[in-house]
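1. just a sequence and a predicted model for now, questions to come.
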Amino acid sequence: MICHESNTFVDQPIILESFRNDTLMTGPAIRDQFGKSHHEMGGFFAGLEEVGIEPVPLLAARIIPGSVITAETYDQLSSLLFGELESAGDLDGLLVAPHGASVCETALDMDGDWLARLRTQVGSRVPIISTLDAHASLSQKMVDATDAIVAYRTYSAPGPVRSRLESSRSHGTPPSVVKSDRDNRPAIHPW
């Protein structure tokens, strides 16, 4: 997850140290931190464990809200993400949790950008299921890069966890808000 809600009216740029001061971790430490939480990743872990799938946490990078992320920081976060992905080897699928409103100096649709790069890296045979905040800036790039997108229904305490739990189950019968149909055209599905 690279999760950040950008506010382009704030002057102070977001740097890697900003993420370190909130959340920046890789591997098993993610499960230790978020495994039983009300955070979206808590829902990922719970849903996968419920059906007997072993989670392989890659990256948790979060700072919400803030200004625009610097190009250097985005490059550093991308290197971490893709380095962890490479080290993980073959995966059966990816559950990802962008906020849906990240902006960096070189990509106004930063979430769409890293999701597209992720799709290129794993190819079309590995499902990518994403979650988004209810007020995300959904882009065509995000839709094209993923197999399903699940948004929060509410932002009350169970909302994020429930949507994440649904996303972890969505490979079979998707409860998704947005999913590509058989012709790979975006289609809106009600929850």
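-> Structure's in. What do you need?
2. do a quick rundown of the helices in the chain.
-> Along the chain, counting by DSSP state H, helices occupy 16-22, 28-34, 40-50, 71-88, 110-122, 140-145, 158-169.
3. export those to JSON lines and tack on mean pLDDT and mean neighbour count?
-> In short, each C-beta sits where N, CA and C put it, glycine included. Converted to JSON lines, the helices of the chain look like this (pLDDT from 0 to 100; neighbours: other C-beta atoms under 10 Å):
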{"stretch": "helix 16-22", "mean pLDDT": "95", "mean neighbour count": "15"}
{"stretch": "helix 28-34", "mean pLDDT": "91", "mean neighbour count": "16"}
{"stretch": "helix 40-50", "mean pLDDT": "86", "mean neighbour count": "21"}
{"stretch": "helix 71-88", "mean pLDDT": "96", "mean neighbour count": "16"}
{"stretch": "helix 110-122", "mean pLDDT": "96", "mean neighbour count": "19"}
{"stretch": "helix 140-145", "mean pLDDT": "94", "mean neighbour count": "18"}
{"stretch": "helix 158-169", "mean pLDDT": "48", "mean neighbour count": "22"}
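4. switch the ones you listed over to CSV; also include distance to S130.
-> Shown next, in CSV, are these (distance: least, C-beta to C-beta, whole Å):
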stretch, distance to S130
helix 16-22, 20
helix 28-34, 17
helix 40-50, 11
helix 71-88, 14
helix 110-122, 7
helix 140-145, 7
helix 158-169, 7
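5. quick one, what contacts the closest residue to P57 other than its chain neighbours?
-> Spatial nearest neighbour of P57, chain neighbours left out: I30 (3.7 Å); criterion: C-beta to C-beta, 6 or more residues apart in numbering. Residues in contact with I30 (C-beta atoms under 8 Å, 6 or more residues apart in numbering) are 41, 57-60.
6. before we move on, what about L91?
-> 56, 85, 122, 126.
7. try it again at 10 Å.
-> Contact partners of L91, counting by C-beta atoms under 10 Å, 6 or more residues apart in numbering, are 56, 58, 85, 122, 126-127.
8. can you check A97 too?
-> 1-3, 34, 39-41, 43-44, 60, 62, 129-133, 150, 160, 163-164, 167.
9. phi and psi next, for the residue in the chain sticking out farthest from the centre.
-> Within the chain, D11 marks the point farthest from the mean C-alpha position, 25.3 Å out by C-alpha atoms, centre = their mean. For D11, the backbone dihedrals (degrees, to the nearest 10) come out as phi -80, psi -40.
10. distance of the nearest residue to it once chain neighbours are set aside from V122?
-> Computed as C-beta to C-beta, 6+ apart, the closest residue to D11 that is not its neighbour in sequence is S67, at 6.6 Å. Remark: distance between S67 and V122 (C-beta to C-beta, to the nearest Å) = 30 Å.
11. over to S18?
-> Applying C-beta to C-beta to S18 and V122 gives a distance of 28 Å.
12. pLDDT value on the spatially most central residue of the chain, please?
-> For the chain, the residue nearest the mean C-alpha position is A97 (2.1 Å; C-alpha atoms, centre = their mean). The per-residue pLDDT reported for A97 equals 90.
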